[in-house]
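Peer 1: Turn this into a structure:
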Amino acid sequence: MKLFDPSSCRAADRLAAERGVCPDTLVRNAGHAVAAQIACHAPRKRTLVLCGKGNNGRDGQICAQTLHQVYGFDVCTRFPLQEPVTDDLASYGVIVDAVFGTGFHGELSAELQHLFSLCNQSEAFRVAVDLPSGVDAGMASASENSFCAHLTVALALPKPCYVSYPARDLCGKVILCDIGIPSSVPQQLTPPFSLLTEEGMRTVLPARQTQAHKGTFGRAVCFCGSPGMSGAAVLAAAGCSRSGCGITLIASCEETRQVVTAALPACLTAPDDLSCADQASAVLAGCGRGQTASTEKLTLDLLKNLRVPLVLDADSINVLAAHIHGQKALQQAACSVLLTPHPAEAARLLGISVADVQRQRMAAALQLANRCNCTVLLKGHASLIASPDGRCAVCPTGNTALSKGGSGDLLAGIAVSFLAQGMPVFEAACAAAFFHGKAAELYTSRASAATADPYALAQCLFEIL
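Peer 2: Numbering: from 1, shown residues only. The predicted structure is shown next:
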């Protein structure tokens, strides 16, 4: 599903105007739509409407008029960008934020932070017009002390901030309202952001032809596992073989090879040697390898010499982050690369804190993809898949059943499986994240998330793919 960033929203407004839709009509329709949703969902109590200077503020003014004239609300309108709001907020049962819209980015002023902090602490039902003030509509980041809504009345187009964090937490319930933009307008636009859907993901899965054989579905070679961490190799292999790969080979130490053979007899094993990748359709490296000199050498050699898609996870990411030429090696890789970092690994690659990554997850994912010239699957709640061409997809699936060690190994195995079967890197990453999350959802439909483990989730792949 398309998600419209501020640039795409402006393009939609221009196209609507070209089709004869007056901008004032859109503003009027927006104000009426917000008022109708407030009348439906909010208590009939004294209402404060905070209005800004732009179209969002005009939406708020029309909303205030409509609430009073049509729905009989007791309404007070204030303009915090022009003069301080001195009202006793405890006297209001509803507070409507129409200060900033899609044009906002950066940090709120100290005065607005103070005002919104008081709003957020009040017992009022809080409503945001299109998006909470302080939220970046496109990057889904948020200023300190942004307005925190119980209800966001989304106008015309879905936006990244409704589904990606941290902004998502500030939106509350999101209701999308039509304000009169012709349906043909969003169809004409191709924004770089999207929300993954099951229908869309199933259309990109590899076809299973009747007369196919194991070679048809690729050969994945996984350089995973080490003494004491053989389970990572088992989970990666399980994710790979159970998501359609024809041949899964684990290249590792003797201990890991024995564990894999015992757990998954259909998987091949071989000594840990770069030559194992010679016949591969796709390669995975890093899961349970350890941050060792041999992992560093393997990872750099793969980047330099491999000609098929490569997934780098866990320790392969960490050794690159620690290596003085790690990012250069990624930029100059001879193959397509998918990085699957969790926030701490992404932070190491970017040279920032984990908190900074989490404050600006979408920007961090896109920056990492651009800087390293590779596709990035930034793991976490609502995982993000970013491409160096500027695309970014939000994965809506998953839950805390994935909050267990080894879940990333399973995900990496699913990703290399889809790549071995011939899927493009961005689509393979999207599908891996989506169905990994679906496996968690299937598990928790039958048992507590607390009891889940990655191997149990691997079993769930049987039913969702």
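Peer 1: Hmm, V96 and C63 touching each other?
Peer 2: Yes - with contacts counted by Cβ atoms under 8 Å, C63 reaches V96, the gap being 6.4 Å. The way it works is simple: take the backbone N, C-alpha and C, and place the C-beta from them, glycine included.
Peer 1: which phi and psi does V127 have?
Peer 2: phi -120, psi 130 (degrees, to the nearest 10).
Peer 1: Also S141?
Peer 2: phi -90, psi 180.
Peer 1: returning to what we had before: now do the shared contacts for C63 and V96.
Peer 2: Among the neighbours of C63, those also in contact with V96 (Cβ atoms under 8 Å, 6 or more residues apart in numbering) are V34, I38, V49, V129.
Peer 1: Put the buried members of those into a PyMOL selection.
Peer 2: The command below creates a PyMOL selection of those among these that count as buried (16 or more other Cβ atoms under 10 Å):
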select buried, resi 34+38+49+129
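Peer 1: Please list the members of the shared contacts of C63 and V96 that lie in strands.
Peer 2: Among the shared contacts of C63 and V96, DSSP state E puts V49, V129 in strands.
Peer 1: would you turn the shared contacts of C63 and V96 into a markdown table with distance to V319 and pLDDT?
Peer 2: Converted to a markdown table, these look like this (distance: Cβ to Cβ, whole Å; pLDDT from 0 to 100):
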| residue | distance to V319 | pLDDT |
| --- | --- | --- |
| V34 | 52 | 98 |
| I38 | 54 | 98 |
| V49 | 55 | 98 |
| V129 | 48 | 98 |
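Peer 1: Closest one of the shared contacts of C63 and V96 to T269?
Peer 2: The closest of those to T269 turns out to be V129 (Cβ to Cβ; 59.1 Å).
Peer 1: In this structure the closest one contacts A33, no?
Peer 2: No - counting by Cβ under 8 Å, A33 is not a contact partner of V129; they are 9.5 Å apart.
Peer 1: Give the residues shared as contacts by those two.
Peer 2: Counting by Cβ under 8 Å, 6+ apart, the residues touching both V129 and A33 are V153, L155.
Peer 1: Can you spell out the domain ranges of the chain, please?
Peer 2: Per automatic domain parsing, the structural domains of the chain span 2-191, 198-464.
Peer 1: Using the three-state scheme, assign G101.
Peer 2: coil (DSSP: H, G, I helix; E, B strand; the rest coil).
Peer 1: Which pLDDT value belongs to it?
Peer 2: At G101, the predicted lDDT confidence score is 96.
Peer 1: give me the number of residues near it?
Peer 2: Using other Cβ atoms under 10 Å, G101 has 25 neighbouring residues.
Peer 1: Distance of it relative to L15?
Peer 2: 18 Å (Cβ to Cβ, to the nearest Å).
Peer 1: K379 now?
Peer 2: As judged by Cβ to Cβ, K379 and L15 stand 36 Å apart.
Peer 1: These two: which is more packed in?
Peer 2: Just comparing K379 and L15: by other Cβ under 10 Å the higher neighbour count belongs to K379, 22 against 17.
Peer 1: Quick one: residues contacting the more buried one.
Peer 2: T340, P341, H342, P343, G408, L411.
Peer 1: try 6 Å
Peer 2: Neighbouring residues of K379 by Cβ atoms under 6 Å, 6 or more residues apart in numbering: H342.
Peer 1: Please give the element, helix or strand, for L442.
Peer 2: Taking DSSP states H and E as the definition, L442 sits inside helix 425-444.
Peer 1: which parts of the very next helix or strand once past that helix are buried?
Peer 2: Moving toward the C-terminus from helix 425-444, the next helix or strand (DSSP H and E) is helix 454-464. Judged by neighbour count using 16+ other Cβ under 10 Å, the buried positions of helix 454-464 are P454, Y455, L457, A458, C460, L461, I464.
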